[in-house]
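1. give me a model of this one.
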Amino acid sequence: MELLKDTIKRIKPVDSEAMEKARERQDDLTKPRGSLGKLEEISIKLAGIQGNAIPEIKNKVIFTFAGDHGIVEEGISAYPSEVTKQMVLNFLNGGAAINVLARHVNARVVVADLGVSGDIEAPELIVKKVGYGTKNFAREPAMTRAQAVEAIEAGIEIFNKQFRGAELIALGDMGIGNTTSSSAICSAITGRAPEEVTGRGTGIGEEAYRKKVTIIRKALELHKPEGKDAIDVLNKVGGFEIAGLAGVTLAAASNRVAVVSDGFISTTGALIAHTLNPDVSDYIFAAHRSVEKGHEIILEHMKLEPVLDLNLRLGEGTGAALAISIIEAGVKILREMATFSGAGVSKTVE
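-> Numbers count the residues shown, from 1 in each chain. Sure, this is the predicted structure:
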């Protein structure tokens, strides 16, 4: 618990002075003010995160965490739990969508096992297994409170060892059943009804979807998680990989490193971090707007605007990888574009 407390304590507000200087430079670049829209906003936000009026991005890391969920026993997923382990091996072999897109943006992928139901022997895999999957929260708490803290701190430790001076990191996930856990977390923290935040995950049919909503509602009534207590929410309905991603988010913010959250599950991890320290949101870029209904609710709750809207719902960090290229473009505009005075171009007539 001390690592978690210390990490939260080290998170400071973003640098407003650096943001103002970045804004002034944007206004002096050879273009009409505001003409590059969100690209300008992105670079200014990153300036505040880094405390540098002309931010830079040299190194990027995507943290993709995996864990299984006992709630799968209730028949709420189109795929069996063993797919989690199979996909982790696919990540490690470089054959998944996240590997392709990470190569596209020249980002390193860190894959970690926080709670896969089976053992995976692979030298490239980081193993911080808190348990062999969570418990079935339709019947009992998903994990103990101690395990919730352990999983968050595992994420912090992985970040501290693996970010290696990166200026930008991204969140990714893998875990069959994790949209059910994310929906329950979202409902508990935002106060929205289960049917408002629950989607179809891996593509379940109407009957399974109705069952999923009912299970989440009954679980929340059974466990009564306290929405303002992120640890309690994880304890009751969380996932080990979700908790680990919360830890990565907290650790990144404490080191003034920007975070790109992917879709519903990874942004749920960011929501846990935000609940522990609201200043975290200023360090987060929302990569995209997922088709999962709960994702939109979380973005509204954290006051985040997505960079992209491409009807994505895969996870793994794929949307975050795509958004990295847009964020880099915004930074390059600020760093490399000529100013009116430098280029000898006349400014607009006031």
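2. all contacts plus neighbour counts: C-alpha atoms, from now on.
-> Fine.
3. give me the neighbour count for Gly239.
-> 35 (other Cα atoms under 10 Å).
4. likewise Ile158?
-> The burial count for Ile158: 22, using other Cα under 10 Å.
5. OK, contacts around it?
-> Contact analysis of Ile158 by Cα atoms under 8 Å, 6 or more residues apart in numbering lists Val248.
6. Glu56 and Val331 touch, don't they?
-> Yes. Assessed by Cα atoms under 8 Å, Glu56 is found in contact with Val331 at 6.5 Å.
7. what about the two, which has more around it?
-> Just comparing Glu56 and Val331: by other Cα under 10 Å the higher neighbour count belongs to Val331, 25 against 18.
8. what about the more buried one, helix or strand, and which?
-> helix 318-336 (DSSP states H and E).
9. quick one: mean pLDDT for that helix?
-> Mean pLDDT, helix 318-336: 98.
10. show me what that helix is packed up against.
-> Secondary-structure packing of helix 318-336 (3 or more Cα pairs under 8 Å, 6 or more residues apart in numbering; DSSP states H and E): helix 16-28, helix 37-50, helix 97-104, strand 168-174, strand 258-261, strand 284-288, strand 306-308.
11. buried stuff in the helix or strand encompassing Thr7?
-> Element membership for Thr7, per DSSP H and E: helix 2-9. Buried residues in helix 2-9, counting neighbours by 16 or more other Cα atoms under 10 Å, are found at Leu3, Leu4, Thr7, Ile8.
12. which strands or helices does it pack on?
-> Judged by 3+ Cα pairs under 8 Å, 6+ apart, helix 2-9 is in contact with helix 145-162, helix 240-254.
13. mean confidence for the longest one?
-> To tie it back to what came earlier, the one meant is helix 145-162. Here helix 145-162 scores 98 as its mean pLDDT.
14. so what's the gap between that helix and the chain middle?
-> Offset of helix 145-162 from its chain centre (Cα atoms, centre = their mean, to the nearest Å): 15 Å.
15. how about the CA coordinates for it, as CSV?
-> Taking C-alpha atoms only, helix 145-162 is exported to CSV below (Å, rounded to 0.1, in the frame of the first residue of the first chain):
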residue,chain,number,x,y,z
ARG,A,145,-9.0,-5.7,-1.1
ALA,A,146,-5.4,-6.7,-0.6
GLN,A,147,-5.3,-8.2,-4.1
ALA,A,148,-6.8,-5.0,-5.6
VAL,A,149,-3.9,-3.0,-4.1
GLU,A,150,-1.4,-5.7,-5.1
ALA,A,151,-2.6,-5.5,-8.7
ILE,A,152,-2.4,-1.7,-8.8
GLU,A,153,1.1,-1.8,-7.4
ALA,A,154,2.1,-4.4,-9.9
GLY,A,155,1.2,-2.0,-12.6
ILE,A,156,3.2,0.7,-10.9
GLU,A,157,6.2,-1.6,-10.7
ILE,A,158,6.0,-2.7,-14.3
PHE,A,159,5.8,0.9,-15.4
ASN,A,160,8.8,2.0,-13.3
LYS,A,161,10.9,-0.8,-14.8
GLN,A,162,9.8,-0.6,-18.4
